[in-house]
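A.B. asks: Okay, sequence plus prediction incoming.
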Amino acid sequence: MEVRDLLIRNVLLIIDPYTLDKSADEFMAEFGGYMKQIAAVAKDERGYALYNSKYAPIHDEYGNFFSTVAETTGAAGIDLYAVINMFIDEYYAVDPSYRTYSSEGDVAEGFVCPNRSAFWEYLASVADEITEFPVKGIILQGNSYIRETYCFCETCKSEFAELIGIDSPLSFEALRDDPQALSKWFEWRAEKIKSAVSTVHNAVKDKGVEVLVTVELDPETGYQKGAYKHFGQDIEALSAITGHVLININAWSPILPKVDTPEFNALSETLLPLRDITARRRKLSFMYWSFTDDDEFESVRKLATSYKATKLVTYIRFPSDYRRWRELHLNI
C-alpha cells in the first residue's frame, strides 16, 4: 500500500533508514502534511542509536535519523513514537557474556540473552534519554526469547538448574520429559521478560510517555499460548505492566485470511481472550509488519475494530532482517 494511503487512514507508520528510499528530511517534507502521528526507530536492530545517545553506540551514517524526525514532528505538532529494539541487538550480541544459545549450543547471531539485568538497565537508560525528545510513546520490539529451546547459555542453565534443584546438565529434551520442570521453565522465562519490560517502563512511567509492548502472535507457534511457551510473552502480565499491548498479528506467517471467510472468523475467535485486556481498561493495538494490499489492511482493520484497538501499526516494508528472524522464530 502507498504511504499516503496509510497516513490518510491514520495508521501509525514505523519508519527507519533501512526501509526508506529517501532521507528523513525528504520523507517528512513529502508526507508530513498527511501525518497526525508517526513512529521512528530510535534504537535499531543492529544495536545502534539513531540519535546522539549518551549510552548506546551511535550509527555512523544514520546517527541523526530519529532526531531529524523528532525535530520536524515537534515543530508541526505531530505525535511521535520511538521504537526501541530490545534483545535484537547485533552490537552487544557479539559479546560472549550477552550471547543467547539454544539447547544444542547454537548461538543466535544478533540476539542478546533476555536474562541480563545489566542489559535491562542499559535499555532503561536508552528509553529515559529518548523521553528528552517530544515523544508521545515508546514501542518496545524484540522483547522475547527466540524459541522455547532458548536460552541455554551457562548463566541461564546454572540459574534454572538451581531453581528446580538438579545437578545434571540442563537440556530442553530433559525438561520436555518432566512436565513440572517444563512448566517452571516457561514460567521462569516469562518472569525474565516481565522484569525486563518493567525495568524499561519504570524508567519512563513518570515522564508522561506511554509504552507499547509488542507481542508476536502466529498460527505456526500457537498464537497466545505459543507467545507464552515459545517467546516468554505473557500477554496479560505485560499489559498489566505498561497498560498497552501491541499485537503483532501473524508475525512469522504473514498470510492473513480475508474478511468474512471461515478462516477469518476462526482467527477472530482464537483471539477472543484479548478482550480481557480492554475489559480491564488497558489498551490494545494491532500491528502487521507491512501491508501489501487492501485485503490485508481490511483484515487487520476489522480485527482492530472488533477488539476495540487503539492503533493500527505497520512498517512501509518488512524490516531488512525479517527473513532471518522468521527462520529463527519458526525454527526452520
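C.D. replies: Yep, it's here. Numbers count the residues shown, from 1 in each chain.

A.B. asks: so residue 66 touches residue 82, yeah?
C.D. replies: Yes - counting by Cβ atoms under 8 Å, residue 66 does reach residue 82; the two are 6.8 Å apart. For every residue, glycine as well, the C-beta is placed using N, CA and C.

A.B. asks: Quick check on those two: which one has the bigger neighbour count.
C.D. replies: residue 66 (30 against 26; other Cβ atoms under 10 Å).

A.B. asks: Check the gap between residue 311 and residue 268 for me.
C.D. replies: The gap separating residue 311 from residue 268 is 18 Å, by Cβ to Cβ, to the nearest Å.

A.B. asks: More neighbours: these two, which one.
C.D. replies: When neighbours are counted by other Cβ under 10 Å, residue 311 comes out ahead of the other of residue 311 and residue 268, with 21 against 17.

A.B. asks: which residue sits closest to the more buried one in space, ignoring its chain neighbours?
C.D. replies: Nearest residue to residue 311, sequence neighbours excluded (Cβ to Cβ, 6 or more residues apart in numbering): residue 285, at 3.9 Å.

A.B. asks: name the element that neighbour belongs to?
C.D. replies: Element membership of residue 285, judged by DSSP states H and E, is strand 283-288.

A.B. asks: Listing partners with orientation, what would you give for that strand?
C.D. replies: strand 244-249 (parallel), strand 312-315 (parallel) (DSSP bridges).

A.B. asks: and the next element down the chain from the first one?
C.D. replies: Note on strand 244-249: by DSSP H and E, the next helix or strand toward the C-terminus is helix 262-270.

A.B. asks: Show me what the least confident helix or strand in the chain by mean pLDDT is packed against.
C.D. replies: Across the helices and strands of the chain, mean pLDDT, DSSP states H and E gives its lowest value to helix 172-176, namely a mean of 90. Helix 172-176 sits against helix 179-204, with contacts defined as 3 or more Cβ pairs under 8 Å, 6 or more residues apart in numbering; DSSP states H and E.

A.B. asks: Give the buried residues for the helix it packs on.
C.D. replies: 181-182, 185-186, 188-190, 192-194, 196-201, 203-204 (16 or more other Cβ atoms under 10 Å).

A.B. asks: what do you get for stretch 58-65?
C.D. replies: For stretch 58-65, by 16+ other Cβ under 10 Å, it's 59, 62, 63, 64, 65.

A.B. asks: Mind exporting the C-alpha coordinates of that stretch to PDB?
C.D. replies: Only the C-alpha atoms of stretch 58-65 are listed here, as PDB (Å, rounded to 0.1, in the frame of the first residue of the first chain):
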ATOM      1  CA  ILE A  58      25.700   5.900  17.500                       C
ATOM      2  CA  HIS A  59      25.200   4.800  13.900                       C
ATOM      3  CA  ASP A  60      27.900   6.300  11.700                       C
ATOM      4  CA  GLU A  61      25.600   7.100   8.800                       C
ATOM      5  CA  TYR A  62      22.200   7.300  10.300                       C
ATOM      6  CA  GLY A  63      23.000   8.800  13.700                       C
ATOM      7  CA  ASN A  64      20.700  11.800  13.100                       C
ATOM      8  CA  PHE A  65      17.700   9.900  11.700                       C
END
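
A.B. asks: quick one: it to chain centroid distance?
C.D. replies: 22 Å (Cα atoms, centre = their mean, to the nearest Å).

A.B. asks: At which residues are the helices of the stretch 1-150 of the chain located?
C.D. replies: Ranges of helices within the stretch 1-150 of the chain are 3-8, 24-31, 65-76, 90-93, 117-130, based on DSSP state H, counting those that start in this stretch.

A.B. asks: Save the ones you listed as JSON lines, and put in distance to residue 280 and mean pLDDT too.
C.D. replies: Formatted as JSON lines, the helices of the stretch 1-150 of the chain follow (distance: least, Cβ to Cβ, whole Å; pLDDT from 0 to 100):
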{"stretch": "helix 3-8", "distance to residue 280": "30", "mean pLDDT": "94"}
{"stretch": "helix 24-31", "distance to residue 280": "36", "mean pLDDT": "95"}
{"stretch": "helix 65-76", "distance to residue 280": "31", "mean pLDDT": "96"}
{"stretch": "helix 90-93", "distance to residue 280": "35", "mean pLDDT": "96"}
{"stretch": "helix 117-130", "distance to residue 280": "24", "mean pLDDT": "98"}
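
A.B. asks: can I get the ones you listed in a markdown table with distance to residue 157?
C.D. replies: Output for the helices of the stretch 1-150 of the chain, formatted as a markdown table (distance: least, Cβ to Cβ, whole Å):
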| stretch | distance to residue 157 |
| --- | --- |
| helix 3-8 | 45 |
| helix 24-31 | 43 |
| helix 65-76 | 37 |
| helix 90-93 | 19 |
| helix 117-130 | 17 |
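
A.B. asks: which one of the ones you listed lies closest to residue 53?
C.D. replies: Of all these, helix 117-130 sits nearest to residue 53, with 6.4 Å by Cβ to Cβ.

A.B. asks: thinking again about what came up before, what residues are bridge-paired with the residue nearest to residue 311?
C.D. replies: Judged by DSSP bridges, the bridge partners of residue 285 are residue 246.

A.B. asks: now it: how far from residue 198?
C.D. replies: Separation of residue 285 from residue 198 (Cβ to Cβ) stands at 20 Å.
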